[in-house]
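A.B. asks: What shape does this take:
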Amino acid sequence: MLVALAACLVGPGSSPAQAAVPDSPAVTYTNPIAEKRADPHIYKHTDGYYYFTATVPEYDRIVLRRATTIQGLSTASEVTIWTKHTSGVMGAHIWAPEIHFIDGKWYVYFAAGSTSDIWAIRMYVLEGTGANPLTATWAEKGQIKTTWESFSLDATTFVVNGVRYLAWAQRNPAENNNTSLFLAKLSNPWTISGTPAELSQPTLSWETVGYKVNEGPAVIQHGGKVFMTYSASATDANYCLGMLTASATADLTNPASWTKGSAPVFQTSAATSQYGPGHNSFTVSEDGKSDILVYHDRSYKDISGDPLNDPNRRTRVQKVYWKSDGTPDFGIPVADGVTPQRLSSYNFADRFVRHWEYRARIEANVSPLADSQFRAVTGLAGTGTVSLESANFPGYFLRHKDFEVWVEKNDGTSAFASSASFYRRAGLADSAGVSYESYNYAGRYVRHYNYLLYVQALSTSTDRADATFYAQ
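C.D. replies: Model (predicted):
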């Protein structure tokens, strides 16, 4: 039922074998990254900066920020690099900008309507000359021409095996829906090559709530596979992410190369008060070792009027985890504040601290992911301690009861606070890991024994191994 810690816990208790330090150590961020910024795109460049752009609620301009850390984007100064035209095309509904660095120049892809028809949404490209795009000279390269002159938006570009592609959303006049997903090769950053391939149209129940939509494609590659996430349904609490999968060696312009998932891979979580997550992009952590999901959502469900007129979509980030079969696991949109972590066992590398029917244990292939995610917060017992809060049951904490570790709801008592607070120590079997000493029973540590978690005194090397965890 519940699961996982947020900075380091313990592993199984019968083998003295040592697990390797994780290839992808924990990273934490504090959400939201930016208020009133939808359709976010974060690009990590070789100059050491992250570049951030997003749709502003006025729909009238393109803005950029940069910082050396993802968290730093939240307070970075923002620069307007381009403003909508006063008349004609590119004069309304400036949406979904993305920034990319291609062949020595900067490019921003965006969608825009016209002052004569604000819903004549088309895709356009800006080209920037200069090392820093916030101060670059920007030139309009014009509209990206596709098969039809129809509603089109959300252009993104990526490279697989040396070939650059453009993916986007467009209305196919032959279909009874709003938008489908398309893919084509690029001959240059603003010109497609060949006949676009239609990869997906909204046909499933969760893709057609309010509107029939497949939009906002984003690509991440891993283990020889290409994963394309996309957004579906109306831009309210029904908004969610689906995913297509293809082999990196396949002909990506052949729709048959792609497999569409039957269920959303990321959606509203009432438990964490996150509604309508979508229009995502991907970046990487500061150390380059973790993939990061970037997306927007709202902190409330009910919207007055058209969701497009509600300005409160916020930019958020959280770590992407990878399943043993090589597919991404996005989990749930986590609660506002510090993002959670997972705790893997020192001596059972594939096992993570999780909750199951509220009992804490270590287990491999945890599903749902959020059962193995915890966030480290200031200890309920006070300064110097830490408490580990469940990601999918906010307000529930790892605590010991009769020296067994459970996930239970904070009842506000001092007894609960004491039993749910720990001193974080350097890992007893490996200082790169972490161990948790009980606040109210000095010398007793969280450890696994027969895969269940306890708070026990330790005496052997196996005990210390069982009480050591790695944050991921």
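
A.B. asks: Measure how buried the closest residue to residue 323 other than its chain neighbours is and give me the count.
C.D. replies: Distances taken as CB to CB, 6 or more residues apart in numbering put residue 329 closest to residue 323, at 5.2 Å, once the chain neighbours are dropped. No exception for glycine: its C-beta is placed from N, CA and C like everyone else's. Applying other CB atoms under 10 Å, we find 16 residues neighbouring residue 329.

A.B. asks: was I right about residue 329 contacting residue 321?
C.D. replies: Yes. Residue 329 lies in contact with residue 321 (CB atoms under 8 Å); the separation is 4.7 Å.

A.B. asks: Pretty sure residue 70 is one of the things residue 286 touches, is it not?
C.D. replies: Yes. When contacts are counted by CB under 8 Å, residue 286 is listed as touching residue 70 (7.0 Å).

A.B. asks: The two - which one has more neighbours?
C.D. replies: Comparing residue 286 with residue 70 by other CB under 10 Å, the one with more neighbours is residue 70, at 21 against 16.

A.B. asks: wait, what's in contact with that one?
C.D. replies: Taking CB atoms under 8 Å, 6 or more residues apart in numbering, we find residue 70 in contact with 29, 33, 42, 50, 283, 285, 286, 292, 317.

A.B. asks: From those residues, which land in strands?
C.D. replies: Judged by DSSP state E, those include 42, 50, 283, 292, 317 as members of strands.

A.B. asks: Can you flag the buried ones in those residues?
C.D. replies: Neighbour counting with 16 or more other CB atoms under 10 Å marks 42, 50, 283, 292, 317 as buried within the ones in strands among the contacts of residue 70.

A.B. asks: Next up, the contacts around the nearest residue to the first one once chain neighbours are set aside.
C.D. replies: With sequence-adjacent residues excluded and distances taken as CB to CB, 6+ apart, residue 42 is closest to residue 283, at 4.4 Å. If a contact means CB under 8 Å, 6+ apart, then residue 283 has 42, 43, 44, 50, 70, 291, 292, 294, 317 as its contacts.

A.B. asks: From these, pick the one nearest residue 366.
C.D. replies: Within those, the smallest distance to residue 366 is 18.1 Å, found for residue 291 (CB to CB).

A.B. asks: And the helices in this structure?
C.D. replies: Applying DSSP state H to the chain gives helices spanning 414-419, 461-466.

A.B. asks: list the helices and strands the last one packs on?
C.D. replies: This points to helix 461-466. Counting contacts by 3 or more CB pairs under 8 Å, 6 or more residues apart in numbering; DSSP states H and E, helix 461-466 packs against strand 444-449.

A.B. asks: Tally up the residues packed near residue 392, please.
C.D. replies: For residue 392, using other CB under 10 Å, the count is 26.

A.B. asks: Surely residue 409 touches residue 395?
C.D. replies: Yes. With the criterion set as CB under 8 Å, residue 409 and residue 395 qualify as a contacting pair; they are 5.7 Å apart.

A.B. asks: which one of these two has more residues nearby?
C.D. replies: Neighbours per residue (other CB under 10 Å) separate residue 409 from residue 395, with residue 409 holding more: 14 against 11.

A.B. asks: who's the more buried one bridged to?
C.D. replies: residue 396 (DSSP bridges).

A.B. asks: How confident was the prediction at it?
C.D. replies: On pLDDT, residue 409 comes in at 98.

A.B. asks: For residue 223, see how far away it is.
C.D. replies: Using CB to CB, to the nearest Å, residue 409 is found at 39 Å from residue 223.

A.B. asks: go on, residue 35?
C.D. replies: Distance from residue 35 to residue 223, counting by CB to CB: 36 Å.

A.B. asks: neighbour count winner among these two?
C.D. replies: A direct count of neighbours by other CB under 10 Å for residue 35 and residue 223 places residue 35 higher, at 13 against 10.

A.B. asks: ok, that one touching residue 314?
C.D. replies: Yes. Residue 35 lies in contact with residue 314 (CB under 8 Å); the separation is 5.3 Å.

A.B. asks: Identify, out of the helices of the chain, the most deeply packed stretch.
C.D. replies: The highest average neighbour count among those, using mean count of other CB atoms under 10 Å, belongs to helix 461-466 at a mean of 22.

A.B. asks: May I have it as PDB, with CA atoms only?
C.D. replies: Only the C-alpha atoms of helix 461-466 are listed here, as PDB (Å, rounded to 0.1, in the frame of the first residue of the first chain):
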ATOM      1  CA  SER A 461      28.700  -6.700   9.600                       C
ATOM      2  CA  THR A 462      25.500  -8.200   8.100                       C
ATOM      3  CA  ASP A 463      23.400  -6.100  10.500                       C
ATOM      4  CA  ARG A 464      25.200  -3.000   9.300                       C
ATOM      5  CA  ALA A 465      24.800  -4.000   5.700                       C
ATOM      6  CA  ASP A 466      21.100  -4.500   6.300                       C
END
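
A.B. asks: Show me where the stretch 51-200 of the chain has its strands.
C.D. replies: Remark: strands assigned in the stretch 51-200 of the chain by DSSP state E, counting those that start in this stretch are 61-67, 79-83, 89-102, 105-114, 122-129, 137-143, 152-160, 163-170, 180-188, 191-200.

A.B. asks: Show me the shaky parts of the protein.
C.D. replies: The model of the chain has pLDDT under 70 over residues 1-19.

A.B. asks: Nearest the middle, which residue of it would you pick?
C.D. replies: The residue lying closest to the centre of the chain (CA atoms, centre = their mean) is residue 293, at 2.2 Å.

A.B. asks: For that residue, which residues are in contact?
C.D. replies: Residues in contact with residue 293, defined by CB under 8 Å, 6+ apart, are 266, 280, 282, 317, 318, 319, 320, 330.

A.B. asks: Show me what it is bridged to.
C.D. replies: residue 282, residue 318.

A.B. asks: With residue 390 instead?
C.D. replies: Here residue 390, judged by DSSP bridges, has bridge partners residue 374.

A.B. asks: quick one: it and residue 374, what's the gap?
C.D. replies: Taking CB to CB as the measure, residue 390 falls 6 Å from residue 374.

A.B. asks: do the same with residue 34
C.D. replies: 26 Å.

A.B. asks: Also residue 401?
C.D. replies: Per CB to CB, residue 401 is found 17 Å from residue 374.

A.B. asks: So the two - more neighbours on which side?
C.D. replies: residue 374 (34 against 13).

A.B. asks: Before I go, just wanted to say thanks for your time.
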